[in-house]
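Trainee: just coords:
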DNA sequence: CACGGGATCGTCT
DNA sequence: GACGATCCCGTGT
């Protein structure tokens, strides 16, 4: 337990101010190279964020909370930045987002992929993999499975010092040419928003 | 390797 | 009652 606590303090958890930024596209880009960490059932696992997508209620038809649509599911998107928004997709996959911006500004970043770094054996077990392959954590649904995240964690505050999920800065500085922007995936229905380059990847 | 379809269920119409 | 901010496996080249 002492070791776990030391690990916990080794790096700086992203503070509330990071997530309160009004510009969700900017936060989406800034989250590349940060580390998504879970401590679920007392076991750590983590990876470096390499793919994100931005969504916002204001003018973005691909966003669940488009036009400030409030439902039981989307309500959490109106919480203050730093809150987890996890929902079920296609009846099978649990997708993890971080809410951004101030309270009542519904915006979120979908974390789509990580490079696994900490406790890879546990992640392999959760995915029923025997050997490490890139597909272990490449994709929003499989990434959450590897990290042990599910919809039960929606609404969790990632900035609280004892939360089971958080994002931390391990001091990586990225050059602009290490990041690519492209259209978001799987939102063909979103008309004029389809081609917006709100998907970011770390090369 | 590209493509096609089935899985599976909460959410909103 | 239809449809996803997806994944995986099967088929065919």
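Mentor: Received, thanks. The structure displayed is predicted, hence computed values, not measured ones.
Trainee: buried residues in stretch A:184-203?
Mentor: A:184, A:187, A:190, A:193, A:196, A:198, A:199, A:200, A:201, A:202 (16 or more other CB atoms under 10 Å). Backbone N, C-alpha and C define where each C-beta goes, glycine included.
Trainee: Would you check that the second one makes contact with residue A:63?
Mentor: Going back to what we said before, that points to residue A:187. No: using CB atoms under 8 Å, residue A:187 makes no contact with residue A:63, being 9.3 Å away.
Trainee: quick check, nearest of the buried residues of stretch A:184-203 to DNA strand C?
Mentor: Nearest to DNA strand C among those is residue A:187, at 4.9 Å by CB to the nearest atom of the strand.
Trainee: For residue A:69, see how far away the closest one is.
Mentor: 16 Å (CB to CB, to the nearest Å).
Trainee: that older thread, which of the buried residues of stretch A:184-203 fall within strands?
Mentor: Cross-referencing these against strands under DSSP state E gives A:199, A:200, A:201, A:202.
Trainee: beta partners for the second one?
Mentor: Right, residue A:200. residue A:52, residue A:181 (DSSP bridges).
Trainee: surely it meets residue A:28?
Mentor: Yes: with contact defined as CB under 8 Å, residue A:200 counts as touching residue A:28 (5.5 Å).
Trainee: What residues does chain A have near DNA strand C?
Mentor: A:53, A:55, A:62-65, A:77, A:85, A:88-93, A:95, A:97, A:108, A:110, A:127, A:135, A:139-143, A:184-187, A:189 (CB under 7 Å from any atom of the strand).
Trainee: which of those residues count as buried?
Mentor: By 16+ other CB under 10 Å, the residues of chain A next to DNA strand C give A:53, A:55, A:62-65, A:77, A:85, A:93, A:95, A:97, A:108, A:110, A:127, A:139-140, A:142-143, A:184, A:187 as buried.
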